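Trainee: structural data only, the sequence is not supplied:
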């Protein structure tokens, strides 16, 4: 396991070195046409970039160490693979995709402040979304309680690809993955699995989680008379899952089922404002689906939710 930690540190530290080499090459090419002052103004802030990499590495290793000491009840053993794609009606996979996407989105924006090229910014962000979660999957592989999940890895990669692919295709993010949560009574049925308090339930009770994909028609049809910030949103959730396995929930007297939602949403990054603070706040808050009326579709039929979160 120490080799894996060292490898990722090496990759993090190697990135700015490659960036310096590329920038030096560009400087030689531009030397005949640009003044020293203009070259100096275009040079990325590599000190800030290295600081970000160092902070990321520290946070990254601290998180992995903390998980290895507290999350895993039994000592780590030999590496195993477990196919868990059928568990939780794939809600946990939605969580992996969402998390990877948000890591990529936030770190790419952070790298943007260093002045590196857009391509570097996007690649570093996408790689961060994958790298930050991969050691957790590897730790699961060495845990006798879990096992390495190929489905989790696919979801992790998909989240980063969803971010990077939109920028590559459209030069902007048009489809925003978002999250909402409400408390359910099911956590009281199995508090050891679904959470013994409100904070744990927010993390563990998949029955109260909903994952959304929000997009504004204006992003796809530029000429239409529609506010760029007003989005349609489709969501996915589950109910009556008191175990990771559907069959176990049924044995305990519950009937798990999927839920699909249709609602309105707001893209907070599209609201025009001169305030840098408001723009920053909107960027961070844009990972959360706003409470709004919603239509719920399930095996029980169609239900209207006047206020759903």
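Mentor: Received the coordinates, thanks. Given the structure is predicted, the values throughout are model-derived calculations rather than measurements.
Trainee: low-confidence stretches in this structure?
Mentor: Scanning the chain for pLDDT under 70 picks out 1-42, 67-71, 73.
Trainee: where along the stretch 201-309 of the chain do the strands fall?
Mentor: Counting by DSSP state E, counting those that start in this stretch, the stretch 201-309 of the chain has strands at residues 209-215, 230-239, 257-266, 292-298, 301-308.
Trainee: how is this structure divided into domains?
Mentor: Annotated domains of the chain cover 1-173, 174-309 [automatic domain parsing].
Trainee: about what we covered before: so which of the strands of the stretch 201-309 of the chain comes closest to residue 50?
Mentor: Proximity to residue 50 (Cβ to Cβ) singles out strand 209-215 among the strands of the stretch 201-309 of the chain, at 35.0 Å. Bear in mind the C-beta positions are built from the backbone N, C-alpha and C, glycine included.
Trainee: what's that closest one packed up against?
Mentor: Helices and strands touching strand 209-215, as assessed by 3 or more Cβ pairs under 8 Å, 6 or more residues apart in numbering; DSSP states H and E, comprise helix 91-112, strand 176-181, strand 230-239, strand 257-266.
Trainee: elements contacting the helix or strand containing residue 165?
Mentor: Using DSSP states H and E, residue 165 sits in helix 150-170. Counting contacts by 3+ Cβ pairs under 8 Å, 6+ apart, helix 150-170 packs against helix 91-112, helix 118-131, helix 134-142.
Trainee: any chance of the domains of the chain in JSON lines with mean neighbour count as columns?
Mentor: Output for these, formatted as JSON lines (neighbours: other Cβ atoms under 10 Å):
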{"stretch": "domain 1-173", "mean neighbour count": "16"}
{"stretch": "domain 174-309", "mean neighbour count": "16"}
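Trainee: distance to residue 156 added to the helices and strands packed on strand 209-215, as a markdown table?
Mentor: Formatted as a markdown table, these follow (distance: least, Cβ to Cβ, whole Å):
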| stretch | distance to residue 156 |
| --- | --- |
| helix 91-112 | 5 |
| strand 176-181 | 13 |
| strand 230-239 | 18 |
| strand 257-266 | 22 |
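Trainee: which one of those lies closest to residue 54?
Mentor: helix 91-112 (13.0 Å).
Trainee: quick one: distance of that closest one to the chain centre.
Mentor: How far helix 91-112 lies from its chain's middle: 2 Å, per Cα atoms, centre = their mean, to the nearest Å.
Trainee: what angle sits between it and helix 118-131?
Mentor: Relative orientation of helix 91-112 versus helix 118-131 (axes from the mean of the first three to the mean of the last three Cα atoms, to 10 degrees): 150 degrees.
Trainee: tell me which other helices or strands helix 91-112 touches.
Mentor: Helix 91-112 sits against helix 46-70, helix 118-131, helix 150-170, strand 176-181, strand 209-215, strand 230-239, with contacts defined as 3+ Cβ pairs under 8 Å, 6+ apart.
Trainee: and of these, who's closest to residue 86?
Mentor: Comparing the helices and strands packed on helix 91-112 against residue 86 with Cβ to Cβ, the closest turns out to be helix 150-170 (8.9 Å).
Trainee: what angle separates the closest one from strand 176-181?
Mentor: Helix 150-170 runs at 130 degrees relative to strand 176-181, counting by the same axes, to 10 degrees.
Trainee: ok, and what's touching helix 150-170?
Mentor: The contact list for helix 150-170 (Cβ atoms under 8 Å, 6 or more residues apart in numbering) reads 81, 83-85, 92-94, 96-105, 108, 122-123, 125-127, 129-130, 133-134, 137, 140, 172-175, 177, 219.
Trainee: hmm, back to that, would you turn the strands of the stretch 201-309 of the chain into a markdown table with distance to residue 114?
Mentor: Listed next are the strands of the stretch 201-309 of the chain as a markdown table, based on distance: least, Cβ to Cβ, whole Å:
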| stretch | distance to residue 114 |
| --- | --- |
| strand 209-215 | 29 |
| strand 230-239 | 30 |
| strand 257-266 | 30 |
| strand 292-298 | 36 |
| strand 301-308 | 39 |
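Trainee: tell me which of these sits nearest to residue 201.
Mentor: When the strands of the stretch 201-309 of the chain are compared for distance to residue 201 using Cβ to Cβ, the nearest one is strand 209-215, at 9.9 Å.
Trainee: who's in contact with the residue nearest to the spatial centre of the chain?
Mentor: Geometric centre of the chain, nearest residue: residue 99, 2.3 Å, by Cα atoms, centre = their mean. By Cβ under 8 Å, 6+ apart, the contact list for residue 99 reads 133, 156, 159.
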